[in-house]
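[1] Task: produce atomic coordinates for the following.
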Amino acid sequence: YAASTYRNYRSTVNVIKAYLQHLHRPRLLMAKIDKGFVLGFIDFIEHNYRNTKSPDNPKEMSPHTLHLYQSTLVRMLNAAVKEGVLDRNPFYSLERKDRIGKQQAEKEYLTKEELKAFAEAPTVNETTKRAFLFCCFTGLRYSDVSVLTWRDIRQGDNGWMVSVKAMQKTGKQVVIPLNQSAISLLPDRNGCKPSQKVFDMTCLSACDRCLKKMAAAAKVAKNISFHTSRHTFAVLTLAAGGDIYTVGKLLGHTSINSTQVYADVVMETKVEAISRISSYFSQ
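    Predicted coordinates for the structure are as follows:
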């Protein structure tokens, strides 16, 4: 499993412990976990539990986080059933209205004009800027580009490409052709060994702060993070005529459903453009 998966499980365990304390039943037996327990847990995280990362300013959890805790609990109970600890998972006896629905997160991306403005924006960290723009043309995540080595940049029969043996999140191998824009963003190698990193990057939070300053300078009124580069690559590649299957492969998606989200965004843009044309001729 990825490190993030372990963090999710540890975090969920802590929330469950807080729920048990709330019930004054810190040593509740697994046999006592029933439909009422699960309903109570959902009510607890929605109305009582607060994010403990900022003790001085506790906040309600986002819909995405609430769904994540619910999903992790369900997986734990499924494991308990598989191990013979529980006869059945009581979650599945809940009606749909009682469950926390999955929220479709809005995927911020840069348009061609915004991407150009970003490329021209001043920055205090040129490496972050180059790496971000490089990901806009390759679809790599921060976790992949931050460990990218010169060995991963190679020339094949069809030109230069970046080869990632195992994406940090999925473990999936991807090979992405590099266009001239991506190649121009690579720093000078200056005799670096094949095992040395291409981009000497700071931590993700520092990169995101840098990008938000760049967005302000570029007058891009969007909530920009490093992951915006991946969304930008997907949307612009599809808009340029790339088919959904190929784009999914380039992104390392294990399911076409993950890529479909970007195709829907592109379709909305096309519908809006057609509507503008219709409005123009009706004047």
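[2] The biggest strand by length in the chain: which residues count as buried?
    Longest strand in the chain by number of residues (criterion: DSSP state E): strand 159-164. Within strand 159-164, the residues that count as buried by 16 or more other C-beta atoms under 10 Å are 161-162, 164. (Each C-beta comes from the backbone N, C-alpha and C, glycine too.)
[3] what packs against it?
    With contacts defined as 3 or more C-beta pairs under 8 Å, 6 or more residues apart in numbering; DSSP states H and E, the packing partners of strand 159-164 are strand 153-156, strand 174-177.
[4] Can you add mean neighbour count and give the ones you listed back as TSV?
    Formatted as TSV, the helices and strands packed on strand 159-164 follow (neighbours: other C-beta atoms under 10 Å):
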stretch	mean neighbour count
strand 153-156	12
strand 174-177	17
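[5] With mean pLDDT and distance to residue 69 added, can I get these in TSV?
    Below are the helices and strands packed on strand 159-164 laid out as TSV (pLDDT from 0 to 100; distance: least, C-beta to C-beta, whole Å):
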stretch	mean pLDDT	distance to residue 69
strand 153-156	90	40
strand 174-177	90	31
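[6] right, so of those strands, which gets closest to residue 197?
    Ranking those by their distance to residue 197 (criterion: C-beta to C-beta) puts strand 153-156 first, at 11.2 Å.
[7] Tell me the helices and strands packed up against the closest one.
    With contacts defined as 3+ C-beta pairs under 8 Å, 6+ apart, strand 153-156 has these neighbours: strand 159-164.
[8] Mind listing the strands the strand it packs on pairs with, and their directions?
    strand 153-156 (antiparallel), strand 174-177 (antiparallel) (DSSP bridges).
[9] Would you mind writing the CA trace of the first one as PDB?
    Coordinates of each C-alpha in strand 153-156 appear next as PDB, following Å, rounded to 0.1, in the frame of the first residue of the first chain:
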ATOM      1  CA  ILE A 153      14.700  10.800 -19.300                       C
ATOM      2  CA  ARG A 154      15.700   8.800 -22.400                       C
ATOM      3  CA  GLN A 155      15.600   9.000 -26.200                       C
ATOM      4  CA  GLY A 156      13.700   6.300 -28.100                       C
END
